[in-house]
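Colleague: any chance you can model this:
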Amino acid sequence: MEAGFSMFKRKSTSKSSSSKGLSKAAAYRIQTEAHEWLMNPPSEFEYLPSDDLSRWIVRISGAKGTLYENESFLLQFDFTDDYPMEAPEVIFLPPAPLHPHIYSNGHICLDILYDKWSPAMTVNSICFSLLSMLSSCTKKERPLGNDSYVMRCAGGRSPKEVNWHFHDDKV
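Modeller: Prediction:
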C-alpha cells in the first residue's frame with residue numbers, strides 16, 4: 001500500500017489555490033485520512049487520484065432504493081492550513097444533483113460544512129452525511145432562490161463566504 005501514497009503528492013511548482021502548501025498539521029491529518037481510506041476504502045465512494053494533497057475529488061453514488069439510485073456525482077474537497085480545525089470547502093462539481101439543499105453551482109447547504117463543523121469529522125464522515133442527505137430526499141428540485149444565489153456567487157465566490165441560514169432538516 002505504500003505505493004498508493006504517490007497519488008497524494010503536492011505539486012511544488014503550481015501557485016493555484018488548490019495547490020498551495022499546507023501546514024504540517026493539516027498535511028499530516030490529510031495523509032492520515034488518505035492512509036485510512038486506502039487501507040479500508042468505503043464502497044459507496046471512490047477517490048479519484050490526484051497529485052494534489054490539498055484537493056480531493058470523490059465520486060459519490062446514489063444509494064439503492066433512493067431517488068439517486070444509478071446516479072453518481074463528483075465532490076471536490078479543498079483543504080486549508082487550518083484543517084481539521086476548519087472544515088474543508090466541499091462542493092459538487094457540475095452537474096450538481098437536483099436537491100433542495102444543493103445549488104446548481106454545486107454549493108451545499110449543510111451545517112456540518114460550516115458552523116456545526118467539528119475537528120473529529122473526516123472526509124469519510126462528510127461523504128456519509130452527504131449520502132444520507134441525498135438518500136432522504138423525497139423530491140428532486142433546486143433550493144428556493146437558486147438562480148439569484150448562483151448569480152450572486154458568479155466569479156468564484158466560495159460557499160464559506162455565505163451567511164447560511166439552516167432551517168430545514170427534512171428533505
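
Colleague: from now on I want contacts and neighbour counts done on CA atoms only, so please keep to that.
Modeller: OK.

Colleague: report the central residue of the chain.
Modeller: Geometric centre of the chain, nearest residue: residue 90, 3.1 Å, by Cα atoms, centre = their mean.

Colleague: on contacts alone, who are the packing partners of the host helix or strand of residue 131?
Modeller: Take DSSP states H and E as the rule and residue 131 turns out to sit in helix 123-135. Where contact means 3 or more Cα pairs under 8 Å, 6 or more residues apart in numbering; DSSP states H and E, helix 123-135 is packed against strand 55-61.

Colleague: now the strand it packs on: mean pLDDT?
Modeller: Confidence for strand 55-61, expressed as mean pLDDT, is 96.

Colleague: what do you get for stretch 140-150?
Modeller: pLDDT averaged over stretch 140-150 gives 93.

Colleague: list of residues touching stretch 58-69?
Modeller: 44-48, 70-77, 127, 131, 134-140 (Cα atoms under 8 Å, 6 or more residues apart in numbering).

Colleague: give the contact list for residue 46.
Modeller: 58-60.

Colleague: can you give me the strands for the chain?
Modeller: 45-48, 55-61, 72-78, 89-92 (DSSP state E).

Colleague: which helix runs longest in the chain?
Modeller: helix 24-39 (DSSP state H).

Colleague: relative to helix 123-135, how tilted is that helix?
Modeller: Angle, helix 24-39 to helix 123-135, by axes from the mean of the first three to the mean of the last three Cα atoms, to 10 degrees: 60 degrees.
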